[in-house]
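[1] Test case, fold it:
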Amino acid sequence: MFKNKSEEYLLDLFKDSNYIIKSYSKNDIIAIEGDTCTSIGLILDGNIDIKRMLGTKVIHVSSFGKGHIFGEVIAFSDVNLYPATVMSSTQSKIMFISKDNFIKFCTSHEDFLGMFLNDLSNKIFVLNKSITNLTFSSVRQKICNFLITEYKLQNSENIKLKITKEKIAESLGITRPSLSRELINMKDMGLIDYSRSHIKILDLEEIENILTE
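    Numbers count the residues shown, from 1 in each chain. Now for the predicted structure:
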């Protein structure tokens, strides 16, 4: 929501609200799956990861950076428990606002409320994307679904990777080596080309066909 806004701007925006600010080091746990969520977090600086720990398997759910809000869906739900673990992936600083104070702030700042609802809608879209990915069984199908989704979002066959390949693998529920092997296979088949930060779709029609196999 506020990725281009300074910390000073955010502190001034919420100057009439009660909040606390906490600092975290890289890999610090912000909240553990099952913890009660009674406040909304606003990232003033740094980045966080949302991850599910399933035994020895780690599934990357999403990542958020400076200016993003998290915990709002959980705090306002009937079961206000974190469904995943929140970790600081860098040095970070986070503002926490209680649910009641957040409601008061929204009612007196209509512009913010509109931005908040838009951000919430985008997060629901991302969640639906993750759920859709679970319906695909093969590694290739999972990758193809990821590519088609990003192609539509970025409106380009030259897809910029916004997170690392390790986090992409976690979000798809596969291992990093499995992702690398399949990307190599798909490149050899002439479906894609890729670099460290981009994947270029070379045969969109065939990638779409793979999802219906």
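
[2] Next up, the contacts around C144.
    Applying Cβ atoms under 8 Å, 6 or more residues apart in numbering to C144 gives the contacts I207, E208, I210, L211. For glycine as for every other residue, the C-beta is placed from the backbone atoms N, C-alpha and C.

[3] Show the average pLDDT along the strand or helix carrying it.
    For C144, the host element (DSSP states H and E) is helix 139-154. Averaging pLDDT along helix 139-154 yields 90.

[4] ok, and the closest non-adjacent residue to S25?
    Distances taken as Cβ to Cβ, 6 or more residues apart in numbering put Q91 closest to S25, at 6.1 Å, once the chain neighbours are dropped.

[5] Could you do L42 as well?
    M95 (4.4 Å).

[6] hang on, that neighbour in a strand?
    Yes: under DSSP: H, G, I helix; E, B strand; the rest coil, M95 falls within a strand.

[7] pretty sure it is touching L13, no?
    No: here M95 does not reach L13: they are 10.2 Å apart, not a contact under Cβ atoms under 8 Å.

[8] So which of those two has more stuff around it?
    Neighbour totals were compared for M95 and L13, and M95 leads with 20 against 15 (other Cβ atoms under 10 Å).

[9] give me every residue that touches that one.
    Residues in contact with M95, defined by Cβ under 8 Å, 6+ apart, are L10, L11, F14, Y19, I20, I21, G41, L42, L44.

[10] What about those, which one has the most neighbours?
    The most crowded member of the contacts of M95, judged by other Cβ under 10 Å, is L42 (25 neighbours).

[11] for the helix or strand harbouring that residue, packing partners?
    Here L42, judged by DSSP H and E, is contained in strand 39-45. On a contact count with 3 or more Cβ pairs under 8 Å, 6 or more residues apart in numbering; DSSP states H and E, strand 39-45 meets helix 7-13, strand 69-70, helix 72-75, strand 92-98, helix 99-108.
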